[in-house]
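Participant: return a 3D structure for these sequence lines:
(4 chains, ligands or ions: 4)
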Amino acid sequence: GSDTASTADGSGDGKGGTIAVITVDLANSYWQTEADTAKAEIEKAGYKATVNAHNSDPDKQNQLIDTAISNKVKAIILDPAGADESVPAVRKATDAGIPVFLVNAEISEQGIAKSQIISNNAQGATLGAEAWVEAMGGKGKYVELYGNPTDNNAQVRSDGYAAVISAYPDLEKVGQETANWDRVQGKEKMEGLIAAHPDIDGVIAGNDEMALGAIEALKDAGMIDKVKVLGFDGNADAVQAVKDGTMVATVLQPIVQGTKNAVAQAISYIEKGETGVPDEKQSIDCVLITKDNADKYTAPFVLEE
Amino acid sequence: MAAPATTGADTRDDVILRAVDISKWYGATHALKGVNFEVRRGKVTVLFGENGAGKSTLMKILAGVEQPSGGHLELDGKRVELRSPTEAVDHGISIIHQELNLCPNLSVRDNIFMGRERTRLGGVDYRSEREVVRRLMERLEEDIDPDTLVSDLRLGQQQIVEIARALSLDTRILIMDEPTSALSAAEVEVLFRVIKELTANGVAIVYISHHLEEAIEISDHAVVFRDGELVATADAADIDLPWVVGKMVGRSAGYDFRDEERDHGDVALSIENVKIPDPTGNGRLAVNDVSLTVRRGEIVCLYGLMGAGRTELVEALAGRGEIASGRVLLDGEDITGLPIPELIRRGIGLVPEDRQRDGLVQSMSVGQNLSLSSLWEMVRRFLLSRRGETERVGKGIENVRVKTAGAGAPITSLSGGNQQKVVIGKILMTGPKVLLLDEPTRGIDVGAKGEIFSLLFREARKGLAVLYVTSEIGEAITASHRIVVMAKGRVVGEFDPRTASREEIMAASGESEVGLHPIGTPSE
Amino acid sequence: MSELSQPAAASPGILSKINTRALLLEGRALIAFLLIVVVFSLLSPNYLTPDNVITMTRHVAMNAILAIGMLMVILNGGIDLSVGSTVGLTGVVAGMLLEGFEITSLDVILYPAVWVVIVVSIGVGCLVGLVNGILVTRFNVAPFIATLGMLYVARGIALLITNGTPFSNLTGREELGNTGFLTVVKGAPLGLPMPVWAMIFFAAVFAVVLNKRPFGRWLYASGGNERAAELSGVPVKKVQCRIYVLSGLCAAAVGLLLTADLASATPSAGEFFELNAIAAVVIGGAALSGGRGTIRGTLIGAFVIGFLVDGLVLVGVSQFWQQIIKGAVIIIAVALDQFQQNLHKRRSAKAAISATKPPERTPAPA
Amino acid sequence: MSELSQPAAASPGILSKINTRALLLEGRALIAFLLIVVVFSLLSPNYLTPDNVITMTRHVAMNAILAIGMLMVILNGGIDLSVGSTVGLTGVVAGMLLEGFEITSLDVILYPAVWVVIVVSIGVGCLVGLVNGILVTRFNVAPFIATLGMLYVARGIALLITNGTPFSNLTGREELGNTGFLTVVKGAPLGLPMPVWAMIFFAAVFAVVLNKRPFGRWLYASGGNERAAELSGVPVKKVQCRIYVLSGLCAAAVGLLLTADLASATPSAGEFFELNAIAAVVIGGAALSGGRGTIRGTLIGAFVIGFLVDGLVLVGVSQFWQQIIKGAVIIIAVALDQFQQNLHKRRSAKAAISATKPPERTPAPA
Ligand SMILES: Nc1ncnc2c1ncn2[C@@H]1O[C@H](COP(=O)(O)OP(=O)(O)OP(=O)(O)O)[C@@H](O)[C@H]1O
Ligand SMILES: Nc1ncnc2c1ncn2[C@@H]1O[C@H](COP(=O)(O)OP(=O)(O)OP(=O)(O)O)[C@@H](O)[C@H]1O
Ligand SMILES: [Mg+2]
Ligand SMILES: [Mg+2]
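Facilitator: Ligands and ions are numbered 1, 2, ... in the order given. This is a model prediction of the structure:
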């Protein structure tokens, strides 16, 4: 990927001043893409960008916001650390006269942030679940890999899956483990689950990293052909897995689109005083990626129309 | 706090503390076997006994540090249980331990008052504490500032602090376990004066020392221990050195050991104008322009007072602590500043001053300690050969006559003397040309002393060059072929033990005027 | 801070000698600190603005409070890895109580008053510390292991209580009389945020404890030579146990401050805080082997870390470089110490060789 | 494992003391291990199935290899917090090289052969260790701090290299002659996965080093009493420096195994592995103060942790409880040690008193 480091230098530190980008975890390609996109867009618009990550630690997020305020940035693009915990941070920035634009995840109060552009996790989960159920033929035993329990998206997606699956009585959930969005843990936990339930037919995972871990485990156990795996996020490795047929489907989060919108609205707000979009909460629907459309996946998290 | 029983000069033979039928087990070691022991008001009771006889163990029990496995204590005829040092202190019993027990990171004042602070309004009353300490130091004729860090004090001065702490408690019974092992003759005199004052006030003293003459001099009562049992008691009047030694070792052993006359080979070790900065980084020299030589088969004694710089000298020769200027030659080769392993390979090794800190690896067995310096000799095809090691270790144990359950026994299960033999044996197993020993007999009984010196004689006869540090004039004269005297980091004289008198040697070391010149003040 | 250094520096204070030595080490930390300030204020005009200084100090405060507790433990030669988890746990407990504590058996919901909440949370913190202390003193578990275990246990309990989802309505309700937690704990009297006040308070109190109370001397003594301290009647075990309680107490305070600051109690709060706290203490000139260290130094250490991290963010250094630089600074700041001491020794050695009249004696390195 | 104990056990007396004690401690760990196995195999029929045992052993293996390296450091009284980050860094380096190493200046892309990749990654691991060692020996930085710093630095570098996105196509290509990494490192000769073979290999080699090479004796000696060891001609500094290199080497091995296992190299791999490794070593009866510990014990320690964690997953204990139980087990396993030692001492004392001629010596408290 491109270098997120050099921010002080780089293009157009001319007119606009700085826009702070605060994402979740730069060691993860999903948020890396979010950050890169934001940075590129911002600099294209002639502003400077600083990129930081709070690693879903609300206290760290607080400090980053504080520093952004001290830095008198023009706007903040934030991927919040928790819906409730982020409220005071966002409010603080807003009170300090700095508009905050949320990407990817929402906060539990409205009217503070200028806009909350969220990928519709519930809808995405439904898409994914439907595709997966179809692949399963509507019956069989399955296990679930659950995201970081302190992250509300884990619950949202899990519920989304459940909502669809509950309609199929022949689908039996025999196990669930938390793998904290992580590939290493995904694999180890999956190996445990395989040992406990050697006869499973399917795996639903809260995100691609865990799904990819699970796939490795299934490969080792020689079960990959009969077990249907569902991922979420649509990162490059996952799409590759879909192409290889080891993953039934993954749900592409339109993070690139969302981030672009956020930056656009931020800039328009800075320059014209309004976001140019009627309502604060804007949810962008997720897109299902299966074998059929996998080759349209040109760049990380980008699907050609 | 029990007030001191002040019965003035009148000192009746009444017993304050009585240990009845005390026995003590350490694991499987029977350290005390049913001992009956009495402490008398206003008297100095001296304990004699070889290393491991059980003296310290009994004292620890009297001071509440250890609990007896059997038997009990009676204080003023009433049975008492001393569950902790604090309880003992509350009963007016305090102890100066054989090994130093100080916090190096704290000041002298803090060390003396820790655990029993003088408080004012909930806070520690530092001023009055400092005042008390100053008075104590005056009484002991030491000029040590109460605020000095203990880590900045010499061994001797640290021992003085220990003594001061014991004095600062108003006690009826004061136990001194080897209080003088690091003191200069002058400091010992001061201590004895203080002891006399105390006894005059009716304080009972229990005194342990391996400096036998010294101990006999101060004693009112003598008690002799031998492997865990009390084998003899007598009044000071009717004891002398031979009697004590006889009782200690169970046979009448000669206290005098002298190597036979013989002319020595050519120079093995020669030191030229060596200067060593003070280890503590106070801008002074611990060793100032010292030159001397030791020949094959020669035993040279490095005599001097605490703080003369001998430890720094021998340690630097052994490769610890840098030599700032001058050179050291071993068989004519310059070995200045070589690393320790290289020095040992070339044949120069040190038996350090502080056994526990620098001599032994406590977590290892006797055998492992012995073989540690000569492992390379036991490597066959890249690997340590067990058989080779066991053989050599067995020989080593033979060679220095260590009394041990076996090569596998934990080193901590040996008594001081035998531990020292292990340290010496370790170096001898490397086949050295030059052997350096720093206070090799500190805290070691006559029996062991004799064995260690005859060991040195035997090796010297085989051509080993020996340079040993001692602060005991008797030892200096009897055991050496040549005496080199150091004072304040310089060589101030050289003597032939056959012709020179104790007095002139001690005079040269500045012993007589030590009280006036505090140690550590720069020369000229 | 100057008035904090008072008791230590004032000659009647305990360890006046230690402090002359400590000054060297702190001096080193201080240099690092000034260097950081200078560099960043050159790199960014916004660095030294009053607002930002206050902000950064608030960030420092939390770590500083933890570090003060950690110092107690480290002075004894111990270590407390569980403080981070304790922060999380105590915060969660506070959150739970503020949202209303349900006793299912009686099915009533209790809404304790704010002061009760605070007391209980602090109590929980002390309890965690007490368990650590008992494990270390009674069961002779190595501090590293005991507190490592507690790190998992406390975090696990916090997660159990919240079941992963944070408590977020902490404002309380008038009719329940449990309002005011946020306003009180989050207030900023005289323009200084509460955490800063807390830091000053803790620093002052603990400085007094260390320098004026017998407890302080006992702590330094047992850290310097435990056996010696014990033989001279210092209640070593008691001291050892108490310091972990103190550390837990500090963690609890941070837990409350943090919860108020976030207006919600997350079980994941405080992760890895222990590492920053330890770093602060050591940068401040304390020895992990025990017996050496001061409040003043610890504070400086905390400021070094805090002002560095915020500075890096402020001038827009990349996240990845931030980590590298932070690690490097921790190492260098401590390595400087050694370097300085050696330098000092060598110089005095030279002096000794060449001097006719040697310089006055200076304390030896521990 | 039994043959590992051989060299130590076979030693005629020389080592016997250490071992009698070691055996006690390991005995304790062994009990814990058996307990775990029994409990879980009662709770789940799938626990002791051959497949699952192999899987669990593979999980154990990684931690065990790290723990063996950690043991070296801990025997010396040090600690290495940087192993986790080193795992991540070495894995990333391997990934980078396998995907093709671009030299922008010449704009050519190098595709080193697999063995080169492995050698280089191992080299990187050793380098990290070397830096630790130099910091500890030359600059006298406390191991905890030196390696804490490296923890940040190494992780930061790993992140810089990947810039967040993992390297995922490690199969290599025929025409480039860099295929086979996965097949080789991920193979399972004789049905045992490569990590298990690696564990056996490392255990065997290091057991020989510890028991048969002078280096081992030096390590135990310098851990037991550094000053005495130094004066006895043990090259203390060299030993100290080397152990960190060894620890780095072990971490590198794990980095490679993990990368192959996941078929991708993520910069976040190996986070917090250090804690498990340390726990394993200590549960295995080693003393953090140095001088005491064995390979055999360390292996048992690793098995205790691994079989516990996997067992909890297998029987479906909740994530939160998993943490609590893990923490508790670590503490209890170590607390047992102390308890047992005291018991043993008391017993042998009793025996001695009642016996007419006392039984064979028991170690005096060091
Ligand atoms: N803590 C201990 N653990 C095991 N054995 C011990 C312990 N302390 C002393 N011993 C053993 O008890 C016996 C008596 O030891 P003690 O120290 O009383 O002898 P001592 O007369 O003081 O010798 P020294 O003159 O060298 O001081 C010795 O065999 C010693 O090894
Ligand atoms: N800890 C210390 N602090 C300050 N000065 C010291 C210290 N140790 C030694 N010195 C100085 O170094 C010189 C030598 O001291 P040292 O005790 O080593 O002499 P020594 O002849 O070895 O005495 P010993 O009889 O103990 O061997 C003296 O000038 C002494 O003042
Ligand atoms: Mg004794
Ligand atoms: Mg000396």
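Participant: quickly run through the sheet partners of the helix or strand bottoming out on mean pLDDT in chain B, with directions.
Facilitator: Taking mean pLDDT, DSSP states H and E as the measure, chain B has strand B:379-380 as its least confident helix or strand, at a mean of 78. Strands that pair with strand B:379-380, judged by DSSP bridges, come out as strand B:383-384 (antiparallel).
Participant: let me know the average pLDDT across the strand it pairs with.
Facilitator: In this model, strand B:383-384 has a mean pLDDT of 80.
Participant: try stretch B:389-409
Facilitator: 87.
Participant: start and end of it, how far apart?
Facilitator: 15 Å (C-alpha to C-alpha, to the nearest Å).
Participant: how about stretch B:138-154?
Facilitator: Terminal residues of stretch B:138-154 lie 18 Å apart, using C-alpha to C-alpha.
Participant: now do the least confident helix or strand of chain B: distance to the chain's middle.
Facilitator: Strand B:379-380 sits 38 Å away from the centroid of its parent chain (C-alpha atoms, centre = their mean, to the nearest Å).
Participant: got phi/psi on the residue nearest to A:Asp170 when sequence neighbours are not counted?
Facilitator: Using C-beta to C-beta, 6 or more residues apart in numbering or on different chains and skipping the chain neighbours, the partner closest in space to A:Asp170 is A:Lys139 (3.3 Å). Where C-beta positions appear, they are placed from N, C-alpha and C, glycine not excepted. Main-chain torsions, A:Lys139, degrees, to the nearest 10: phi -150, psi 160.
Participant: contacting residues for A:Lys139?
Facilitator: By C-beta atoms under 8 Å, 6 or more residues apart in numbering or on different chains, A:Lys139 lies in contact with A:Tyr168, A:Asp170, A:Leu171.
Participant: how many other residues sit next to the last one?
Facilitator: Translated: A:Leu171. A count of nearby residues for A:Leu171, using other C-beta atoms under 10 Å in any protein chain shown, gives 22.
Participant: which one of the contacts of A:Lys139 is nearest chain C?
Facilitator: Chain C lies nearest to A:Leu171 out of these, by C-beta to the nearest C-beta, at 24.8 Å.
Participant: run a quick neighbour tally on the nearest residue to the closest one once chain neighbours are set aside.
Facilitator: Of all residues not flanking A:Leu171 in the chain, A:Ile165 sits nearest, at 5.2 Å (C-beta to C-beta, 6+ apart). For A:Ile165, the count of nearby residues is 22 (other C-beta under 10 Å).
Participant: and B:Asp14, by the same measure?
Facilitator: The local packing of B:Asp14 (other C-beta under 10 Å) involves 16 other residues.
Participant: still on that earlier bit, adding distance to ligand 2, secondary structure and pLDDT as columns, could you present the contacts of A:Lys139 in JSON lines?
Facilitator: Supplementary listing: these in JSON lines, determined by distance: C-beta to the nearest ligand atom, whole Å; DSSP: H, G, I helix; E, B strand; the rest coil; pLDDT from 0 to 100:
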{"residue": "A:Tyr168", "distance to ligand 2": "82", "secondary structure": "coil", "pLDDT": "94"}
{"residue": "A:Asp170", "distance to ligand 2": "83", "secondary structure": "coil", "pLDDT": "93"}
{"residue": "A:Leu171", "distance to ligand 2": "78", "secondary structure": "strand", "pLDDT": "94"}
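Participant: for these, which one is nearest ligand 1?
Facilitator: Ligand 1 lies nearest to A:Leu171 out of the contacts of A:Lys139, by C-beta to the nearest ligand atom, at 68.8 Å.
Participant: contacting residues for the residue of the stretch 401-524 of chain B found nearest ligand 1?
Facilitator: Residue nearest to ligand 1 within the stretch 401-524 of chain B: B:Gly416 (3.5 Å; C-beta to the nearest ligand atom). Taking C-beta under 8 Å, 6+ apart, we find B:Gly416 in contact with B:Asn51, B:Gly52, B:Arg355, B:Gly443, B:Ile444, B:Ala448.
Participant: distance-wise, check the residue nearest to A:Asp170 relative to ligand 4.
Facilitator: Distance, A:Lys139 to ligand 4, by C-beta to the ion, to the nearest Å: 87 Å.
Participant: what's the pLDDT at that residue?
Facilitator: Reading off the model, A:Lys139 has pLDDT 91.
Participant: low-confidence stretches in chain B?
Facilitator: Residue ranges of chain B with pLDDT under 70: B:1-13, B:28, B:250-261, B:280-283, B:306, B:511-524.
Participant: rewinding a little: for the contacts of B:Gly416, pick the one with the most neighbours.
Facilitator: B:Ala448 leads these on contacts (other C-beta under 10 Å) with 26 neighbours.
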